[in-house]
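> quick one, structure for this:
(4 chains)
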2 protein chains.
Amino acid sequence: MKNSRTAYVILGMLSIQPNLSGYEIHKAIEDNFGSFWGESYGQIYPSLKRLVAEGLIEPGKLVSGPGRRRQGYALTDAGRASLREWLALPFQNDPPRNEFLLKLFFGGEAMPGVSLAHVRELNERNRRTLTTLEGIESMARGIQSQNKPYWMLTLGLGLALTRAALDWGESALVELAAMEAAAVGVDSLRG
Amino acid sequence: MKNSRTAYVILGMLSIQPNLSGYEIHKAIEDNFGSFWGESYGQIYPSLKRLVAEGLIEPGKLVSGPGRRRQGYALTDAGRASLREWLALPFQNDPPRNEFLLKLFFGGEAMPGVSLAHVRELNERNRRTLTTLEGIESMARGIQSQNKPYWMLTLGLGLALTRAALDWGESALVELAAMEAAAVGVDSLRG
DNA sequence: CGTGGCATGTAAACGGTTACATGATTTA
DNA sequence: TAAATCATGTAACCGTTTACATGCCACG
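Numbers count the residues shown, from 1 in each chain, chains lettered A, B, ... in the order given. Sure thing, here's the model as predicted:
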């Protein structure tokens, strides 16, 4: 396992909640990290296998629930040590990929209304994200854990970024609408 | 060429500045899109070849400058049409990957000082980003183009997000420092 | 003239997603 | 017990990065 950050997300999840299954880990990542991380089953299940082979986790109890019984896993001491090592390493900046910004930048080349539609769509997505994050926030209010301060900090950045994007989106909407109107006006003068 | 967004970034770049070479396209992407997009030579050169084969761009003049002569490329009508098509398509949300947030979330498991160091590092990176973006902003002030409003909008979101992250970072620093101090205090009481 | 770095190009490796396959467990 | 869904597992594919190879131009 060379670079696999999947493994560390798994170790991390198991460090805060023991005996999670692959399925539950996937769900936990989606629910809690959805706005800043993602893992597919195609990554998770093979990683679990390798982690067991390396002795960083071990199979635990079978978990019942809706559907098939799930195989839970638990962190070993070696696993916890490995997680701690990784946490102390400098975090890497993942290659930035924001297709929205790309399309907006080239908006001058697009057909009328295109950029406006993109901004509207971005705002919708951000509103959904904000709702999700606020949901997590109110969930979090109830629980108590020594990890909570870190969770709230994480949540705080997500909220701050989403709100900033939403603020920008509102004003961009106004600006773009004015531009389009002006362009139409010029067109009709010319036409 | 199925999904290659590389191709469209290239088309886009050529749409606003004709006769760019692969090298110059790479540099332009890094300089202007550095905070939200990236392309490697390993993507750019093969893409240029395919775009020529498909008639979306065509080899243009040899560009002189420092170093070896560069092969410039120009957008064809078909290329411009293809760009416009792509721009009108819904933008895709790229898989979110923020390793910083991941490590911060699991901060409770890390050794003392780790999260604080990460936040400090994040702030440094964001300050650099902010400087870069402000540099672009003052550059942009001079030029005039019908594309400028879109460029300023793009820049505006980058600035807003970076500033929001920086604001968060400042307060997170204070909070974490307080937490660490408290933890040390408790430790010494226990010890 | 030769050497250093600029510009182009390519192959292999990698992380990750997608699509598909297959048991197991409810529930109707 | 049939249908539906849940949970696990895997193989192929895809875009991208990395590392390496190579010629060309400017400059010492």
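> residues contacting the residue of chain A found nearest DNA strand C?
Ranked by C-beta to the nearest atom of the strand, the top residue of chain A for proximity to DNA strand C is A:Gly42, at 2.3 Å. (Each C-beta comes from the backbone N, C-alpha and C, glycine too.) Residues near A:Gly42 by C-beta atoms under 8 Å, 6 or more residues apart in numbering or on different chains: none.
> now it, what's its secondary structure?
Three-state call for A:Gly42 (DSSP: H, G, I helix; E, B strand; the rest coil): helix.
> ditto for A:Ala74
strand.
> so how far is A:Ser115 from it?
Distance of A:Ala74 to A:Ser115, given as C-beta to C-beta, to the nearest Å: 51 Å.
> do A:Asn126 as well
With C-beta to C-beta as the criterion, A:Asn126 and A:Ser115 are 16 Å apart.
> higher neighbour count, those two?
Per other C-beta atoms under 10 Å in any protein chain shown, whichever of A:Asn126 and A:Ser115 has more neighbours is A:Ser115, with 26 against 20.
> the strand or helix carrying the more buried one vs chain B: in contact?
For A:Ser115, the host element (DSSP states H and E) is helix A:114-142. Yes - applying C-beta under 8 Å from any C-beta of the partner chain, one finds helix A:114-142 in contact with chain B at A:114-115, A:118, A:121-122, A:125.
> can you tell me which residues contact A:Leu173?
A:116, A:119-120, A:123.
> for the residues you listed, which single residue is the most surrounded?
Ranking the contacts of A:Leu173 using other C-beta under 10 Å puts A:Val119 first, with 23 neighbours.
> so that residue is in contact with A:Leu101, correct?
No - judged on C-beta atoms under 8 Å, A:Val119 makes no contact with A:Leu101 at a distance of 11.1 Å.
> distance from the chain centre to stretch A:17-36, please.
11 Å (C-alpha atoms, centre = their mean, to the nearest Å).
> just the buried residues of it, please?
A:19-26, A:28-29, A:32-33, A:35-36 (16 or more other C-beta atoms under 10 Å in any protein chain shown).
> then stretch A:117-131?
Of the residues in stretch A:117-131, those buried (16+ other C-beta under 10 Å) are A:118-119, A:122-123, A:125-126, A:129-130.
> can you tell me the closest non-neighbouring residue to A:Asp94?
B:Arg97 (3.9 Å; C-beta to C-beta, 6 or more residues apart in numbering or on different chains).
> contacts only, for the one you found.
Contacts of B:Arg97 by C-beta under 8 Å, 6+ apart are A:36-38, A:94.
> how does it look with 10 Å?
A:5, A:36-38, A:92-97 (C-beta atoms under 10 Å, 6 or more residues apart in numbering or on different chains).
> go on, A:Ala172?
Contacts of A:Ala172 by C-beta under 10 Å, 6+ apart are A:104, A:115-116, A:118-120, A:122-123, A:165, B:153-154, B:156-157, B:160.
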